[in-house]
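A.B. asks: Here is the input, now give the coordinates:
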Amino acid sequence: MGSTSIRSPGKNSKGFTLLELLVVVAMIGIASGFAVSGWGKIQNRSKARASIERIVLALHQSRSESVSRNRRIGVYAAEDTSVTFFASGQTRVGYRFLRFADSDSGVVGLYDPTDSLLQPWAPLEGKVFTYSISSSGSSAGGVSLLFHADGSCEHDLSAKLGIADFQDTFHLSLLPATGLAILED
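C.D. replies: Okay, the predicted model is just below:
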């Protein structure tokens, strides 16, 4: 018959004490809290940058459509007064845009009610706002950018865009002769 030995707890026991397990669980909780907070900031910045790139895409798409359709196609950008937030020490207003086909009636070259919509209002998500904007196509509190069949643009554009809670700023400009939009960090 073999003998059976019973091990008593002592120095050779392998395992963790309850206190050690609680310390590890607390450290994991604290680290995951930082990770979740950081992840939310990354998502917000990514959403804002994607919104800014959407307006550049709308400009390029309008330019391409004006050439392919042999018709004046434009983008109208304006403040979105339904979206306000605090950024850079003051209350800011969001930004939005729409795409339109310019009609021969009404005001030619600027967005007005006689124009047909190709894309309805699209807000720039992620708390995007303008620090400054200037254009020769300013009309009714916004900016009309109209592309001709040769791809050139009726107006110029220079806009400085910001993102709430971040130091990121972007400069959006449009070269009238070529109709190309440029976005710089």
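
A.B. asks: List the residues that contact residue 168.
C.D. replies: Applying C-beta atoms under 8 Å, 6 or more residues apart in numbering to residue 168 gives the contacts 45, 48, 49, 162, 185. Where you see a C-beta, it was placed from the backbone N, CA and C, and this is true even at glycine.

A.B. asks: Name the helix or strand for the third one, please.
C.D. replies: What it means is residue 49. Residue 49 is located in helix 18-69, with elements delineated by DSSP states H and E.

A.B. asks: Residue 98 now?
C.D. replies: strand 90-101.

A.B. asks: Just want the angle from the helix holding residue 49 to strand 90-101.
C.D. replies: Counting by axes from the mean of the first three to the mean of the last three C-alpha atoms, to 10 degrees, helix 18-69 lies at 40 degrees to strand 90-101.

A.B. asks: Remind me what the strand holding residue 98 packs against, helices and strands.
C.D. replies: In terms of contacts (3 or more C-beta pairs under 8 Å, 6 or more residues apart in numbering; DSSP states H and E), strand 90-101 is packed against helix 18-69, strand 73-87, strand 116-123, strand 128-134.

A.B. asks: Flag the helix or strand of the protein with the lowest per-element mean pLDDT.
C.D. replies: Within the chain, confidence by mean pLDDT, DSSP states H and E is lowest for strand 138-139 among all helices and strands, at a mean of 80.
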